[in-house]
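Visitor: What would the 3D arrangement of this be:
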Amino acid sequence: MKVLIVDRLSPTTVTALERMGLKVEVRNDLKAETLPGAVADVNILIVRSTKVTAATIQAAPQLSLIIRAGAGVDTIDIAAASGRGIYVANCPGKNTLAVAELAIGLLIAADRRIVEATNALRAGAWKKKEFGDARGLAGRTLGILGYGAIGRAVAHRARALEMKIAAWSPLDLTAEEAQAWNIDYCYTPEELAAKSDAVTVHLALTPETKHLVGKKFFDAMKPGAIFINTSRGPLVDTTALVEAIKQKKLRVGMDVFENEPAGGEAQFPHTELAALVTCTPHIGASTDQAAEAIAAEVVRIIDVYLKTGRPPGTVNLCERSPATHRLVMRLLNQPGILAFILDGLRDEGINVAEVENIVFTGAQAGCCSLGLDRAPSDKLLGRFRENANILNVVLQPCN
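Guide: Numbers count the residues shown, from 1 in each chain. Model (predicted):
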C-alpha cells in the first residue's frame, strides 16, 4: 500500500508509517495543479495546505483515504471524494494551542505596534513618542467569534491578561454555559463587534460563514479596536477590512488571507493590506509541538484504518442513514449464509445501505445487521426463517 505525503510533515510520520510496512513517498514540490499527475498508484494521500481537487480524486483509482494534517478540510473537494467512496479524515485539536498562542501574539503586537516599531528602528528611526501610544489589554473586552477548542484556548490565555470575554458561537456555546463561565453571550456577530475592544476569529469556513465578517460587522466595531484573524481568510471581506482600517483606524493582526498562496514560497498578492496590518504567512499551526501532535494523529488514523477499515476523524459520512428498514439476523457462522441473504435481497431489488456482521466468542455464531432502502417481502423473510443456519430474523423500521 502506497502513502503520498504532500507538504511538510514531521519526519517521525514517515518513520512510523514505514514501520507498518507501507511504501511512503514525500513530494513537497507538488501543487494542486500538478498533484493529479502523481496519484495514479496512491492508496492514502496526506496533505496540509495543498488543495485536493476533483481532478486529483478522479486521477487516483486506488485512493481510499485522504488525511488533512490539520483541522479544516475546506481545501479538499469533499463531494468528489464522497462520490468515489473515499474517506476524508482530519486532525482536529492538535494545533489548538499553536493557533491560540499566535492569536494572542498578534493581539499584543497590534496593540503595542511591535512590528512598526521594529521596522522604524531597523531604518534608524527612534520614535518613542509615536509608538508609546497603546491602550493596553487588561480590563478590555475580547470578543471571540467561534467558541470551539481554539476559541476556548484563546479565552483562557486572554483571561491571564485580565481581559473580559464576550463570544458569539451558536454551535459551540449556549447562553447558559456563557453565564456559568462568566462570558458575555452575544446573539449576533454585530452585537459582539459593538461591545468588544478587540475581536478574534475562530470559525470554520463554510458557505454560510464566507464573508461573515464584512462591512456590517466592521461598521459595528469601535473606532481604534483590534481585529485578529488566524482562522480562514475568506471568512473576512478583504475590501471591507481595508476600508475599515482606513476609516476607523482599526489595528489588525492577520495570519490568513483571501486567495493566499497555497505553497511554502510564492508571491504574496495582498501587499496593500500587508502594509496596513501586523501579519504572518499562515503559520498558526506551525510549531514543533503542533507538528509532532499532528504527526502522531496521522499515524494513529492510518493504523486504525488498516486494522478496522474505518479511519477515525472521518468528516464525510452521512449524518443520517439512507436506510428505511433494519434487518437483524442471528446466524451460524457458516460459508455462504451471507451470500444467501444478499442474493435474496438483490433478487427483490433491495439496496443494502449499511452492513455489519459480528462474530461471537468461539466463532460458531454471529449477528448480521443490514440497513435496507425498503422492507423485504414476507415471502423472502419466510425463506430466511426456514434456513436452518439462520437462528432469528427481526425486521424493524428505522427512526
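Visitor: Now do the same for Lys246: helix, strand or coil?
Guide: The three-state assignment at Lys246 reads helix, by DSSP: H, G, I helix; E, B strand; the rest coil.
Visitor: Against Thr239, how distant is it?
Guide: Counting by CB to CB, to the nearest Å, the gap from Lys246 to Thr239 is 11 Å. Where C-beta positions appear, they are placed from N, C-alpha and C, glycine not excepted.
Visitor: Show the contacting residues for Ala240.
Guide: Residues in contact with Ala240 (CB atoms under 8 Å, 6 or more residues apart in numbering) are Val213, Gly214, Lys215, Phe217, Phe218.
Visitor: Pick out the residue closest to the middle of the protein.
Guide: Gly72 (2.5 Å; CA atoms, centre = their mean).
Visitor: So it: helix, strand or coil?
Guide: Under three-state DSSP, Gly72 comes out as coil.
Visitor: hmm, back to that, between Lys246 and Thr239, tell me which one has more neighbours.
Guide: Regarding Lys246 and Thr239, a neighbour count based on other CB atoms under 10 Å identifies Thr239 as having more, with 13 against 10.
Visitor: May I have the helix or strand harbouring Leu142 exported as PDB, CA atoms only?
Guide: According to DSSP states H and E, Leu142 maps onto strand 141-145. Extracted in PDB, the C-alpha atoms of strand 141-145 (Å, rounded to 0.1, in the frame of the first residue of the first chain):
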ATOM      1  CA  THR A 141     -13.200  43.100  26.300                       C
ATOM      2  CA  LEU A 142     -12.000  40.400  23.800                       C
ATOM      3  CA  GLY A 143     -14.800  39.300  21.500                       C
ATOM      4  CA  ILE A 144     -14.400  35.700  20.200                       C
ATOM      5  CA  LEU A 145     -16.200  34.700  17.000                       C
END
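Visitor: tell me which strands and helices the helix or strand just after it is in contact with?
Guide: Sequence-wise, the next helix or strand downstream of strand 141-145 (DSSP H and E) is helix 149-160. Judged by 3 or more CB pairs under 8 Å, 6 or more residues apart in numbering; DSSP states H and E, the packing partners of helix 149-160 are helix 96-112, strand 141-145, strand 164-168.
Visitor: pLDDT on the longest one, on average?
Guide: It refers to helix 96-112. Averaging pLDDT along helix 96-112 yields 96.
Visitor: Quick one: residues in contact with the longest helix along the chain.
Guide: Using DSSP state H, we find that the single longest helix of the chain is helix 288-308. Identification of contacts with helix 288-308 by CB under 8 Å, 6+ apart yields 1, 3, 9-10, 12-13, 16-17, 20, 22, 44, 46, 65, 67, 69-70, 87, 89, 91, 94-95, 97-98, 285, 310-313.
Visitor: let's see 7 Å
Guide: With contact meaning CB atoms under 7 Å, 6 or more residues apart in numbering, helix 288-308 is reached by 9-10, 12-13, 16-17, 20, 44, 46, 65, 67, 69-70, 89, 91, 94-95, 97-98, 311-313.
Visitor: any idea how far Ala16 lies from Leu306?
Guide: Using CB to CB, one obtains 12 Å as the distance from Ala16 to Leu306.
Visitor: the more surrounded of the two?
Guide: Set Ala16 next to Leu306 and count neighbours by other CB under 10 Å: Ala16 wins out with 19 against 15.
Visitor: For the more buried one, give me the pLDDT.
Guide: You'll see Ala16 listed with a pLDDT of 95.
Visitor: Could you verify that it is part of a helix?
Guide: Yes: according to three-state DSSP, Ala16 belongs to a helix.
Visitor: Remind me what the helix or strand of the chain with the lowest mean pLDDT packs against, helices and strands.
Guide: Taking mean pLDDT, DSSP states H and E as the measure, helix 271-274 is the helix or strand of the chain with the lowest mean score, a mean of 90. Helix 271-274 is packed against helix 238-248, with contacts defined by 3 or more CB pairs under 7 Å, 6 or more residues apart in numbering; DSSP states H and E.
Visitor: helix or strand right after the helix it packs on?
Guide: Per DSSP H and E, helix 238-248 leads on to strand 251-254 as the next helix or strand towards the C-terminus.
Visitor: So which other helices or strands are in contact with that next one?
Guide: helix 96-112, strand 226-229, strand 278-279.
Visitor: Okay, buried residues for the first one please.
Guide: When you say that, I think you mean helix 96-112. 96-107, 109-112 (16 or more other CB atoms under 10 Å).
Visitor: Could you list every helix and strand in contact with it?
Guide: Under the contact criterion of 3+ CB pairs under 7 Å, 6+ apart, helix 96-112 touches helix 149-160, strand 198-201, strand 226-229, strand 251-254, strand 278-279, helix 288-308.
Visitor: buried ones in the first one?
Guide: Just to be clear, that refers to helix 149-160. Going by 16+ other CB under 10 Å, helix 149-160 has these buried residues: Ala149, Ile150, Gly151, Arg152, Ala153, Val154, Ala155, Arg157, Ala158.
Visitor: Assess the claim that Ile44 and Val6 are in contact.
Guide: No: using CB atoms under 7 Å, Ile44 is not in contact with Val6, being 11.5 Å away.
Visitor: The helix or strand harbouring Ile66 - which strands sit beside it in the sheet, and in what orientation?
Guide: If you go by DSSP H and E, Ile66 is part of strand 65-68. Sheet pairing of strand 65-68 (DSSP bridges) gives strand 44-47 (parallel), strand 87-90 (parallel).
Visitor: Downstream of the first one, the next helix or strand is which one?
Guide: If I follow you right, that is strand 44-47. As the chain continues past strand 44-47, the following element, by DSSP H and E, is helix 54-58.
Visitor: Residues touching that next one, excluding its own?
Guide: Leu35, Pro36, Val39, Leu63, Asp77, Ala80, Ala81, Arg84, Ile86.
Visitor: Check which residues of it are buried.
Guide: Applying 16+ other CB under 10 Å to helix 54-58 flags Ala55, Thr56, Ile57 as buried.
Visitor: what do you get for stretch 261-269?
Guide: Buried-residue list, stretch 261-269, by 16+ other CB under 10 Å: Ala262.
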